[in-house]
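S.K.: take a look and give me a structure for this.
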Amino acid sequence: SAFIGFGGSYGGMLASWLRLKYPSAIAGAVAASAPIESFLGESPPYDTLSFGKTVTLDASVEGGAAAKCTDAVRDAWKAMWRLAA
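M.R.: All right, here's what the predicted structure looks like:
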């Protein structure tokens, strides 16, 4: 009988890789918050700014947020970078 792999974050990556390695034994994989394509050296290259772009899009009018939300998210990113420096 076939199995379905489940996992979140690293466990999700393992579930996905298990599905790729053993497709006849694993019918599917649910990989929640799994950064499958976030490794440097990937082809095509991973966009290191993609997470920030996605969060900013979600906070935009196009993403369904209030008009001032995008600027607030951009300001928050700047503050986090300042704190991390």
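S.K.: would you list the phi and psi of P45?
M.R.: Dihedral pair for P45: phi -60, psi 140, per degrees, to the nearest 10.
S.K.: biggest helix in the protein by residues?
M.R.: The longest helix of the chain (DSSP state H) is helix 69-84.
S.K.: which residues touch the helix or strand where A31 lies?
M.R.: Assigned by DSSP states H and E, A31 belongs to strand 26-32. Strand 26-32 is contacted by residues 2-9, 12-13, 15-16, 18-19 when judged by CB atoms under 8 Å, 6 or more residues apart in numbering. (C-beta placed from N, C-alpha, C; glycine too.)
S.K.: buried residues, that strand. List them.
M.R.: Within strand 26-32, the residues scored as buried using 16 or more other CB atoms under 10 Å are I26, A29, A31.
S.K.: the first one and W81, how far apart?
M.R.: Translated: I26. Applying CB to CB, to the nearest Å, the value for I26 to W81 is 40 Å.
S.K.: over to the second one?
M.R.: As judged by CB to CB, A29 and W81 stand 34 Å apart.
S.K.: model confidence over the strand holding A31, on average?
M.R.: What strand 26-32 shows for mean pLDDT is 89.
S.K.: kindly calculate the angle that the next helix or strand after that strand makes with helix 69-84.
M.R.: Note on strand 26-32: by DSSP H and E, the next helix or strand toward the C-terminus is helix 50-58. With axes from the mean of the first three to the mean of the last three CA atoms, to 10 degrees applied, the angle from helix 50-58 to helix 69-84 works out at 150 degrees.
S.K.: quick one: helix 50-58 to chain centroid distance?
M.R.: Taking CA atoms, centre = their mean, to the nearest Å, one finds helix 50-58 lying 10 Å from the centre of the chain it belongs to.
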